[in-house]
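> dropping a prediction and its sequence here:
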Amino acid sequence: MQSRFFLTGLTLLAACSAPLSSYTTQVEEWSTLEIGFLQSPQTTSQAAEGSFEALFQRARFQNPGLFASWQKWRAAIEVIPQAGGLPDPKLQVGLFLSSLETKEGSTNNRLSLQQAFPWPGTLNLAAQAAALQAEAAREDYLAKELDLRAMLRKLCAENSWLSSSIQFTQAHLDLLSEMESVVRKRWEDGAATHGSLLKIQIELALLEESLASLKDRQLPLLAEMNTLLNRAPAHVVEWPKDSILPTFIFDSTQLLRSLEQNNPSLRALDFLVQSHQVNVEVAKLGLLPNLSIGVDWTGIQDNGSGSDSGKDAFALGVGIELPIQQHSRKSRIRKATAILAATRSQKIQTVNSFRSKLEAKFFQLRDAERGYDLHKNGLIPKGHQALESTMVSYQAGNASFLDFLDTQRTLLNSELAVLRAEADRTIALAEISALSGTKFLDQ
């Protein structure tokens with residue numbers, strides 16, 4: 001009988017804990033990424049090999065920073081059952097050093113089971129605040145995932161610009177080398193001055209130095225990419241073929257208007273504000289006393305005095321905490337209120353900062369598009385025509401050597417400007433997508 005009584009009491013006390021439906025939901029969502037982080041990314045990715053998306057999926061599950069954010073999300077989830085759970089019940093065992101005689105018999109031992117719990121509603125609110133904190137951790141993970149995608153796109157664009165710049169610079173270097181042979185021959189024949197030969201040799205030296213500088217950038221770029229992939233700095237990277245993004249048409253005004261709803265960092269701050277609002281209510285409930293309930297069992301020996309002889313005694317007790325230390329309890333309210341105000345101000349500051357950054361990225365995109373159009377559709381076609389014309393005129397003696405060098409330098413600068421504009425456009429689009437929290441690049 002005693003065991004059934006105690007089990008019933010424990011069941012009723014356990015029912016006072018807050019429900020954990022939000023915990024189960026968030027664990028299920030967190031677990032959807034587990035197979036990617038704990039298995040080889042190649043076995044989980046459906047992206048075409050050699051594409052940017054395949055590279056992102058590999059980095060997504062190999063990047064230690066993103067893995068850390070994923071684990072922080074799980075840590076925040078595990079706070080939910082802690083916040084909504086009751087403290088463990090307390091069991092006491094007592095043995096009487098001298099028997100206490102009653103008319104039913106003498107007492108020889110005693111068991112006491114007690115459970116403390118806060119004021120009704122406190123546990124539910126605490127679990128709700130913890131669940132909102134976990135939602136904020138999930139949004140932080142999504143924000144870091146977007147940042148990783150943008151960083152990968154930037155590095156891929158920089159590599160594409162670097163590789164193409166090396167090719168174009170090498171081509172112009174080869175052209176100047178051929179021209180240097182022509183000038184040397186004309187100088188040996190007395191048809192060109194020694195100054196012309198020196199000028200083209202100087203131009204060759206400058207172009208060789210520029211080419212060496214471009215090639216030297218490849219190693220730090222490779223190391224930076226391997227850092228994101230959690231690999232050795234010199235590990236060979238299979239750069240994607242679709243590194244450069246084309247022109248995208250989107251509504252910049254709409255992206256600014258929907259910034260607060262779409263950006264995961266701002267959504268995380270929203271969840272934190274809601275969580276701190278609930279924490280204020282929890283602190284206010286802390287002004288009320290904690291309660292406790294307990295059951296006592298006292299064993300009585302049968303003395304043969306009657307029908308009730310030897311029947312054990314049971315008692316149900318209810319306790320209430322005396323909330324004398326009101327100063328510390330009110331201090332918790334002031335602390336929770338201050339944290340709430342700070343988080344609201346942080347949200348406003350972050351929104352303003354993101355809006356200004358987004359405007360700056362819009363400008364960078366427009367500037368890149370203007371530069372691309374100017375050089376690609378205007379200066380480069382004319383530059384090729386001018387270079388061919390100048391070379392023919394120079395060989396015929398109708399143009400100066402400086403005219404040829406200027407034309408050749410202008411054409412190379414325009415070709416490199418197009419490559420730089422393509423990379424800048426790609427980087428701006430990737431950062432706009434990350435800041436706005438949208439996936440318009442995937443449409």
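That came in fine, so what should we check first?
> only C-alpha atoms from now on, for both contacts and neighbour counts.
Fine.
> show me what contacts P381?
Applying C-alpha atoms under 8 Å, 6 or more residues apart in numbering to P381 gives no contacts.
> so which helix or strand takes in it?
Element membership for P381, per DSSP states H and E: helix 380-395.
> quick check: what element follows that helix along the chain?
helix 401-436.
> by contact count, what packs against that next one?
helix 122-188, helix 259-262, helix 326-374, helix 380-395 (3 or more C-alpha pairs under 8 Å, 6 or more residues apart in numbering; DSSP states H and E).
> tell me what angle whichever helix or strand comes after the first one forms with helix 122-188.
Sequence-wise, the next helix or strand beyond helix 122-188 is helix 194-216, with elements assigned using DSSP H and E. Regarding helix 194-216 and helix 122-188, their directions subtend 160 degrees when assessed with axes from the mean of the first three to the mean of the last three C-alpha atoms, to 10 degrees.
> quick one: buried residues of helix 194-216?
Neighbour counts over helix 194-216 (16 or more other C-alpha atoms under 10 Å) mark S196, L197, I200, E203, L204, L207, L211 as buried.
> and the furthest pair within the residues you listed?
Using C-alpha to C-alpha, the pair of these lying farthest apart is S196 and L211, separated by 22.5 Å.
> quick check, nearest of the buried residues of helix 194-216 to L132?
Closest to L132, out of all of the buried residues of helix 194-216 and judged by C-alpha to C-alpha, is L211, at 54.0 Å.
> enumerate every residue touching the closest one.
L211 touches I166, T169, Q170, counting by C-alpha under 8 Å, 6+ apart.
> repeat the analysis, applying 7 Å as the threshold.
I166, T169 (C-alpha atoms under 7 Å, 6 or more residues apart in numbering).
> how about A136?
By C-alpha under 7 Å, 6+ apart, the neighbours of A136 are A268, L269, F271, L272.
> just checking, the first one touches E139?
Read that as A268. Yes: shown here, A268 and E139 form a contact pair, counting by C-alpha atoms under 7 Å, at 5.2 Å.
> hang on, the earlier thing: so how far is the helix holding P381 off the chain centroid?
51 Å (C-alpha atoms, centre = their mean, to the nearest Å).
> likewise stretch 135-149?
3 Å.
> so where is the stretch 151-300 of the chain shaky, pLDDT-wise?
Confidence mapping of the stretch 151-300 of the chain against pLDDT under 70 gives the ranges 191.
> got the CA coordinates for the helix holding P381 in PDB?
Extracted as PDB, the C-alpha positions of helix 380-395 are listed here (Å, rounded to 0.1, in the frame of the first residue of the first chain):
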ATOM      1  CA  ILE A 380      36.900  47.000 -75.800                       C
ATOM      2  CA  PRO A 381      35.500  46.700 -79.300                       C
ATOM      3  CA  LYS A 382      37.000  50.100 -80.100                       C
ATOM      4  CA  GLY A 383      40.200  49.200 -78.400                       C
ATOM      5  CA  HIS A 384      40.700  46.100 -80.600                       C
ATOM      6  CA  GLN A 385      40.100  48.200 -83.700                       C
ATOM      7  CA  ALA A 386      42.500  50.900 -82.500                       C
ATOM      8  CA  LEU A 387      45.200  48.400 -81.600                       C
ATOM      9  CA  GLU A 388      45.100  46.700 -85.100                       C
ATOM     10  CA  SER A 389      45.100  50.100 -86.800                       C
ATOM     11  CA  THR A 390      47.900  51.500 -84.700                       C
ATOM     12  CA  MET A 391      50.000  48.300 -85.300                       C
ATOM     13  CA  VAL A 392      49.600  48.600 -89.000                       C
ATOM     14  CA  SER A 393      50.300  52.300 -89.000                       C
ATOM     15  CA  TYR A 394      53.400  51.800 -86.900                       C
ATOM     16  CA  GLN A 395      54.800  49.100 -89.100                       C
END
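> what's the angle between it and helix 122-188?
Using the same axes, to 10 degrees: helix 380-395 against helix 122-188 is 20 degrees.
> quick check: buried residues in helix 380-395?
I380, G383, H384, A386, L387, T390, M391, S393, Y394.
> one more: stretch 22-37?
S22, Y23, Q26, W30, G36, F37.
> equivalent analysis for stretch 85-100, please.
Quick answer for stretch 85-100 (16+ other C-alpha under 10 Å): G85, L86, P89.
> any idea how far the first one lies from I77?
So the one you mean is G85. Distance of G85 to I77, computed by C-alpha to C-alpha, to the nearest Å: 14 Å.
> and what of R149?
With C-alpha to C-alpha as the criterion, R149 and I77 are 25 Å apart.
> quick one: which of these two has more around it?
Between R149 and I77, counting by other C-alpha atoms under 10 Å, I77 is the more crowded of the two (26 against 22).
> count of neighbours near the nearest residue to that one once chain neighbours are set aside?
Take I77 and drop its neighbours on the chain: the residue closest to it by C-alpha to C-alpha, 6 or more residues apart in numbering is A134, 5.1 Å away. Look at A134: counted by other C-alpha under 10 Å, it has 28 neighbours.
> do A315 as well
10.
> ok, now the one 5 residues further on?
When counting by other C-alpha under 10 Å, one arrives at 15 neighbours for I320.
> could you list everything it pairs with in the sheet?
According to DSSP bridges, the residues that bridge with I320 are L291.
> ok so, going back, so which of the helices and strands packed on helix 401-436 is nearest E224?
Here helix 122-188 is closest among the helices and strands packed on helix 401-436 (C-alpha to C-alpha), at 8.0 Å.
> what's the angle between the closest one and helix 401-436?
170 degrees.
> so how far is helix 122-188 off the chain centroid?
Per C-alpha atoms, centre = their mean, the centroid offset for helix 122-188 relative to its chain is 17 Å.
> and for stretch 210-217?
Its chain's C-alpha centre and that of stretch 210-217 lie 33 Å apart, by C-alpha atoms, centre = their mean.
> so who does the residue minimising distance to the centre of the chain touch?
Centroid-nearest residue in the chain: K144, 1.2 Å away (criterion: C-alpha atoms, centre = their mean). Residues near K144 by C-alpha under 7 Å, 6+ apart: L66.
> roughly how far does it sit from N290?
For K144, the distance to N290 - C-alpha to C-alpha - is 41 Å.
> for D312, same thing?
30 Å.
> what's the answer for G437, then?
On the measure of C-alpha to C-alpha, G437 and N290 end up 44 Å apart.
> first-to-last residue distance for stretch 76-95?
Termini of stretch 76-95 sit 44 Å apart (C-alpha to C-alpha).
> how far away from the center of its chain is it?
Distance, centroid of stretch 76-95 to centroid of chain: 34 Å (C-alpha atoms, centre = their mean).
> what does it contact?
Against stretch 76-95 from outside (C-alpha under 7 Å, 6+ apart): 17-18, 20, 23, 26, 108-117, 123-124, 126-127, 130-131, 133-134, 137.
> quick one: what helix or strand has L316 in it?
Per DSSP H and E: strand 313-320 holds L316.
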